[in-house]
Each structure stands twice: as C-alpha cells, then as structure tokens.
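# Could you look at this predicted model? Sequence included:
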Amino acid sequence: MNKIEVFVNVDEKIEELDTVKKVLESAMKKEQLENASLNLIIVDNQYIHELNQTYRNIDRETDVITFALEDEDSLILPTEERILGDIYISIEKAREQSREYGHSFLRELAFLAVHGFYHLLGYDHMTEEEEKVMFGKQEEVLEEYGIVRENI
C-alpha cells in the first residue's frame, strides 16, 4: 500500500491538499508503485529559500524542491517499503504562479506536487526530450483527474 504524508508548515488551512493528495495517489498508481511512500511538505518562501540556498547554492525562493532518497546510492534502508523522498512546495509561490499563469490555485498546487513526484522518480527536464517526457506524464495525471489549465 502506498503512503503519502502531508505536512503543513504554514499557519493556514489549505483545503486543496485533500485533492492534491488524491492526485498524487493516482500518479503513484499510474506508475505502478506498490508499497511506496513520500512526504509532501508545504512551507513559506523563506523556508524554501533557505533550502534552495543550503542544498542547491541558489540564493532565492523556488516553487518546488525535492529530495529523492533513491538518488543516493549509498543509502540503503532496512525496509521493504520504497521511500521516495520529500516534496517541498512554497505556498506563496504556488499562489503567485496560479495568478501569473491564469489558472486555479488547485491546478498550480497539483501541478507542483506531481512535478515533484516525477523528480522523486528520477525524471528531469534538462533537455527538450526529457522535458517532453516528464511534462507529458504530469499532464496525463492532471488531465485524468480533471485538473486542466482552464480551471479558474
């Protein structure tokens, strides 16, 4: 059984997270994952800025940052569970980007979560071909759940 833990490290209730969690569960099923887990952590700009500075040496906030446990070959966990890692999302950047891109806050939050999920699985978008594959998978998951760009 797959497991998604959601942690909200900001002082607000985010109703959209129930749906986002279901979208992530759908993505895990689509990728045929069994007995896998991940954490979704909602933070503010300051916190994600610190993560970006500390771990990527980039001195600014970002919308989403992931820490994939499977990226580290030397890390062997004594468990049958596949622990994918952590997805951090800046709630402030998500709100800002939903307005900037002209779609719903749910769409942006779900997009960032699914984007982070595929990073945890090792997908990237450094080349045009990688981007086509990764973004195609993301859009498929979101569209199957009915979360499309036109939602406002």
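Yep, that arrived. Residues are numbered from 1 along each chain as shown.
# Walking through the chain, point out its helices one by one.
With DSSP state H as the definition, the chain shows helices at residue ranges 17-30, 45-56, 91-101, 105-120, 128-144.
# Around D11, count how many other residues there are.
For D11, the number of neighbouring residues by other CB atoms under 10 Å comes to 6. Quick note: C-beta positions are derived from backbone N, CA and C, even for glycine.
# between the helices of the chain, which one is nearest to E81?
Judged by CB to CB, the one of the helices of the chain that comes nearest to E81 is helix 17-30, at 12.7 Å.
# Tell me the buried residues in the closest one?
Of the residues in helix 17-30, L17, T19, V20, K21, V23, L24, A27, M28 count as buried by neighbour count, 16 or more other CB atoms under 10 Å.
# and if you look at stretch 142-152?
When burial is assessed from 16+ other CB under 10 Å, stretch 142-152 yields the following buried residues: L142, Y145, I147.
# Was I right to think the last one contacts E108?
No: contact criterion CB atoms under 8 Å: I147 and E108 do not qualify, at 9.8 Å.
# Under the pLDDT cut-off, which ranges of this structure? List them.
Using pLDDT under 70 as the threshold, the predicted model of the chain has low-confidence ranges 71-79, 150-152.
# try 80 this time
The chain contains residues with pLDDT under 80 at 70-80, 148-152.
# how near is V8 to E31?
As for V8, its distance to E31 is 25 Å (criterion: CB to CB, to the nearest Å).
# If you could redo that for M126, that was the one I meant.
Distance from M126 to E31, counting by CB to CB: 20 Å.
# Neighbour count for those two, which is higher?
Here M126 and E31 are set side by side on neighbour count (other CB under 10 Å), and the busier one is E31, at 14 against 8.
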